[in-house]
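Chemist: sequence and predicted structure are below.
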Amino acid sequence: MIRRKLKSMKRNQLLLLSALLGSLALAGCDVASKSSQAVPATQAAAPVATTPAPAKAAIACPWQDFDAFLKAFADDVEVQKAHTQRPLQSDSVDPNADPEPKQVTAMLDGDALQFPVMPSSQTQKNDGLVLSQTELNGDKQVMLVKPDTDYQLSFFFRKGECWTLYRKRDDSL
């Protein structure tokens, strides 16, 4: 029985030692890969085919102008998916709150975040929605209102590398 315990202890020690050596080997690979990023002086002068940073930014965000971005955002669900912050802050009014309606905030992600988030230009036109824009500290607020109704949606965009929808608000009752 004592021999079995000793064998078991030795086996556990060997497994622990093996895991430790494996971790050290991986850490060594990580250090080696980071140190290989340094370019020797003889290679630094050689021309390298790279894309300048401004061109990358233009590819990553082709819409520096907000109006062009907004049109693409409204009319293309894929643009909406790519330029909507996750989780998305969603504010709405709970008309059934007691004693009176109250503002409710939810953070939407996964299945709770439904696309399209904003109706397309054609849907806006068909539904008689009126679009207006305001600027708030560099951010943009886009409102969609249906005249003579309580329908009012607001979309809030922030400019980072590109425009991103970070909040939507439904003030409709």
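Modeler: Yep, that arrived.

Chemist: so where's this protein uncertain?
Modeler: Where the chain drops to pLDDT under 70, the residues are 1-60.

Chemist: what does the strand or helix carrying Lys81 rub up against?
Modeler: Assigned by DSSP states H and E, Lys81 belongs to helix 77-82. For helix 77-82, the external contacting residues (Cβ atoms under 8 Å, 6 or more residues apart in numbering) are Ala72, Phe73, Phe115, Pro116, Val117, Met118, Leu165. Using the backbone N, CA and C atoms, a C-beta is placed for each residue, glycine as well.

Chemist: spit out the contact partners of the second one.
Modeler: Remark: with contacts taken as Cβ under 8 Å, 6+ apart, Phe73 is in contact with Val79, Gln80, His83, Met118, Trp163, Leu165.

Chemist: so where do the strands sit in the protein?
Modeler: 84-94, 102-108, 130-136, 139-145, 152-159, 163-170 (DSSP state E).

Chemist: pairing partners for the longest one, with directions?
Modeler: When pairs are called by DSSP bridges, strand 84-94 turns out to pair with strand 102-108 (antiparallel), strand 163-170 (parallel).

Chemist: same check on the fourth one?
Modeler: Each strand pairing with strand 139-145, determined using DSSP bridges, is listed with its direction: strand 130-136 (antiparallel), strand 152-159 (antiparallel).

Chemist: which one of the ones you listed lies closest to Gly110?
Modeler: Of all the strands paired with strand 139-145, it is strand 152-159 that lies closest to Gly110, at 20.2 Å by Cβ to Cβ.
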